[in-house]
Each structure stands twice: as structure tokens, then as C-alpha cells.
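# what would the 3D arrangement of this be:
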Amino acid sequence: MPRVHPHAVVDPSAKLADDVTIGAFSYVGAGVELAPGVVVGNHVSVTGPTSVGPRTQLHPFAAVGGAPQDKKYAGEPTRLEIGADNQIREGVTIHRGTPQGGGITRLGDDVMVMNGAHIAHDCQIGSHVVIASFCGLAGHVTIEDFAVLGAYTGVHQHARIGESVMSAANAKLSKDAPPFALVAGDHARVVGMNGVGLQRRNFSDAALHDLKHAFHLLFASKLRLEIATARVREEAGSTPEVQRLLHFIETSTRGVCR
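Numbers count the residues shown, from 1 in each chain. Predicted coordinates for the structure are as follows:
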């Protein structure tokens, strides 16, 4: 039987697993599904349609599943999907999708969203991601697995953050941040390779060597991007991690930080 504080409000149509906990003065609305082990702290708002995966914790004053902040939105049915083992900290806001963006905002598994961060409509967040305090993600942002955004990072709508990117605090990303990069600055640029993050993922010495060479050609050599990518493909293109880096760059529509 779910443990619901007597001062919480739960819509009769909400679907709660037997071991869900809901704290005082929280609201769980219609169309919400809470999986086993979910903990909703006090003063939390969860509106639907929203699904929250197993063992995810929502901390005080988080507000998730609200309607998108988009003037085109006209009340169409859209969703928020939050995966397993996530930490949604104090004061976080996460909005549902829009029809124009596919209708779904998604968070993967093992994501930590620190206090005061905002995730807008249609964002697609991978797994094992850290979004630090007061980050702001505009609509349609994509963040791939293992990325870490430093505090106060701002991300422009439709921008992509590649896997294992580390952004410095206060970075402002209007272009795509390429995988495995350290990015920093008010107009963010690549300042190096995220070697610590890649070692934590147990990348092989060969992969680290080839990625380091690719980063030199792409971001430090001053070669034109087309020439640099051709060189990387010729000299290190057989490495899967380098292939993923090149694919990300070649599929960018906004351009990449350099």
C-alpha cells in the first residue's frame, strides 16, 4: 500500500506502485504513473501525463510534468517520461513535450538534476548525466550519456551536448558540444578533452590515444573543419569512439563548438 501523507493530494486516476512514498503537501495529478520505490518528498508537484521510473526521488518544491512554456502549445496531449534511479533535487522544473517536438520530454536513468535547474519541453536527456545547480535547458535540447553540465550552464534550443561532455560553470552553449570535450566560456568553445571522464568510463589506452589525436586535429590545429575531419578519418577513423565523434560533428545542424 503506498505511503501517502494525509496532507498530500493524489488524483484518484494516478497509478502508484505499492511501495511509493508521497510526502506532506505534495500534489500528484491525473495521468501520473509512479513506479516501485519512487519517493515524492514534501511540497512536490507532479502533473501528467507523466511517468516516473523505479527508485527515482523527487525532492521538495520540484515541479515536474507541467505544460510546456511555448506559445504554440494549445493543450494537446503530450508527456514527460522520467527513467529509473534519478535524483530530481529541490526546486527543479521539468516540462512535458510539444506536438512540434515529438510530444515527449525524456530523462534516462541515473540522472542527477541539482537544485534550481530547468529542463524545458521536448528535451531528450540520456543516462548517467549530471545537470548541476541552476542550469537552464531550452526546448528541444539533446544531452547524451555521461555528460556533466556545470552550475549555471545555459543551453540554446535545439543544441546538442555529446556523450561525456564536461561544461564549465557559466558556460553558454549556442552550438553543439562535441562528444568527449571540455567546453567553457560565454560563447562556449572546446578547451580540451574530458580525459578524467573518459578514464572513469574505462576507455582503453588506444581509444584515449586516438581521441587525443582527433581533438588536436579538430580543435587545436587551426585546420578548416572539413580538412580536419578528413585527416581524422584517415589517421584515427577505425576507432569506434572516434567514429562516434565524427558522426556527431557531421550530423550537426547548428555547427559545433571549436
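# which ones are touching the residue lying closest to Gly150 once chain neighbours are set aside?
Leaving aside its chain neighbours, Gly150 sits nearest to Ala169 (3.9 Å; criterion: CB to CB, 6 or more residues apart in numbering). Yep, even glycine has a C-beta here, placed from its N, CA and C like the rest. Taking CB atoms under 8 Å, 6 or more residues apart in numbering, we find Ala169 in contact with 132, 150-153.
# let's see that with 7 Å instead.
150-152 (CB atoms under 7 Å, 6 or more residues apart in numbering).
# got it, and Leu137?
118-120, 123, 155.
# swap the cut-off to 10 Å and go again
94, 105, 113, 117-121, 123, 125, 131, 143, 149, 153-157, 159, 161, 173 (CB atoms under 10 Å, 6 or more residues apart in numbering).
# sorry, back to before: closest to Ile22 out of the contacts of Ala169?
Ala151 (29.4 Å; CB to CB).
# pLDDT score for the residue nearest to Gly150?
pLDDT recorded at Ala169 is 97.
# measure it to Cys135 for me?
10 Å (CB to CB, to the nearest Å).
# what residues are shared contacts of these two?
149-153.
# most neighbours among those, which one?
With neighbours taken as other CB atoms under 10 Å, the top of these is Leu149, carrying 30 neighbours.
# before we move on, the earlier item: quick one, phi psi at the residue nearest to Gly150?
When quoted as degrees, to the nearest 10, the phi and psi of Ala169 stand at phi -60, psi 140.
# thought Gly48 was touching Tyr27, still the case?
No. If you go by CB atoms under 10 Å, Tyr27 and Gly48 don't touch, sitting 11.0 Å apart.
# spatially central residue in this protein, please.
The residue lying closest to the centre of the chain (CA atoms, centre = their mean) is Ile125, at 3.2 Å.
# look at that residue and report its pLDDT.
Listed pLDDT for Ile125 reads 98.
# can you check Gly48 too?
pLDDT at Gly48 comes out at 88.
# how far away is it from Glu226?
For Gly48, the distance to Glu226 - CB to CB - is 47 Å.
# and the two? Which one has more around it.
Neighbours per residue (other CB under 10 Å) separate Gly48 from Glu226, with Gly48 holding more: 21 against 8.
# thinking again about what came up before, contacting residues for the residue nearest to the centre of the chain?
Applying CB under 10 Å, 6+ apart, the residues contacting Ile125 are 82-83, 86, 94, 105-108, 111, 113, 119, 131, 137, 141-145, 147, 161.
# which of the residues you listed are buried? Put it as a ChimeraX command.
Entered in ChimeraX, the line below selects the buried ones among the contacts of Ile125, by 16 or more other CB atoms under 10 Å:
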select :82,83,86,94,105,106,107,108,111,113,119,131,137,141,142,143,144,145,147,161
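# which of the contacts of Ile125 fall in strands?
Of the contacts of Ile125, the ones assigned to strands by DSSP state E are 82, 94, 105-107, 113, 119, 131, 137, 142-143, 161.
# pick the one among these closest to Pro68.
Checking the ones in strands among the contacts of Ile125 one by one against Pro68 (CB to CB), the nearest turns out to be Thr105, at 8.1 Å.
# you'd agree that closest one is up against Thr142?
No. Between Thr105 and Thr142 there is no contact under CB under 10 Å: 11.4 Å.
# which residues are common contacts for the two?
By CB under 10 Å, 6+ apart, the residues touching both Thr105 and Thr142 are 122-125.
# from Ile131, how far off is Thr93?
Thr93 is 12 Å from Ile131, by CB to CB.
# so which elements touch the host helix or strand of Ile249?
Per DSSP states H and E: Ile249 is located in helix 240-250. Helices and strands touching helix 240-250, by 3 or more CB pairs under 10 Å, 6 or more residues apart in numbering; DSSP states H and E, are helix 205-215, helix 225-236.
# helix 205-215 and that one, what's the angle between them?
30 degrees (axes from the mean of the first three to the mean of the last three CA atoms, to 10 degrees).
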